[in-house]
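K.L.:
Just the structure for this:
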Amino acid sequence: MLFRSQDQGLETIIDVNATFVMSALTVGAEILLPAENIDFAIGGTGSYKISDQLSVTGRVDHVSYDDPSAPTVDDVFSITLAASYMLDKNLVANVELRINDSDLTNTNSFAFGGCSAVTCDGEVIQVEAIATF
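P.N.:
Now for the predicted structure:
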């Protein structure tokens, strides 16, 4: 979940998450309940390991804002689909498609640090190389 609060604090934050692993399948869920600026945020993830080298992941996120400085911002919803391929024991290539449906625009998102491809309407394709040491 992505959100940004610059001048306003979120005050007390309750963040609960759980993960369940069964063989090649991993399922996770999270709920975030801050006291200010955001009503709630929820997310769910599912990942399936097809082989020792290849895995696929899907994620759904929803953030509901309640910020008096940005009254036209209400909901941000995203779906992310990804595939990872292990190139070596410490190197993974990841391709990701993120689809956003958002109330954030360049005009109403100043309090959140502005609009970006990750927070506003649209699609983003990302290619990553992830190395572990």
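K.L.:
Contacts made by stretch 22-36 with the rest, please.
P.N.:
1, 8-21, 38, 40-50 (C-beta atoms under 8 Å, 6 or more residues apart in numbering). Just so you know, the C-beta spots here come from the backbone N, C-alpha and C atoms, and that holds for glycine as well.
K.L.:
Which of those residues fall within helices?
P.N.:
Among the contacts of stretch 22-36, none falls in helices (DSSP state H).
K.L.:
Just the buried ones among the residues you listed, please.
P.N.:
When the contacts of stretch 22-36 are checked for burial by 16 or more other C-beta atoms under 10 Å, the buried set is Ile38, Ala41, Gly43, Thr45, Ser47.
K.L.:
okay, those residues in a markdown table with distance to His62 next?
P.N.:
Compiled in a markdown table, those are given as follows (distance: C-beta to C-beta, whole Å):
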| residue | distance to His62 |
| --- | --- |
| Ile38 | 11 |
| Ala41 | 7 |
| Gly43 | 7 |
| Thr45 | 13 |
| Ser47 | 19 |
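K.L.:
So which of these belong to strands?
P.N.:
Assigned to strands by DSSP state E, the following of the buried ones among the contacts of stretch 22-36 qualify: Ile38, Ala41, Gly43, Thr45, Ser47.
K.L.:
mind giving me TSV with these and columns for pLDDT and distance to Tyr65?
P.N.:
Putting those into TSV (pLDDT from 0 to 100; distance: C-beta to C-beta, whole Å) gives the following:
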residue	pLDDT	distance to Tyr65
Ile38	78	6
Ala41	91	9
Gly43	96	15
Thr45	97	22
Ser47	97	28
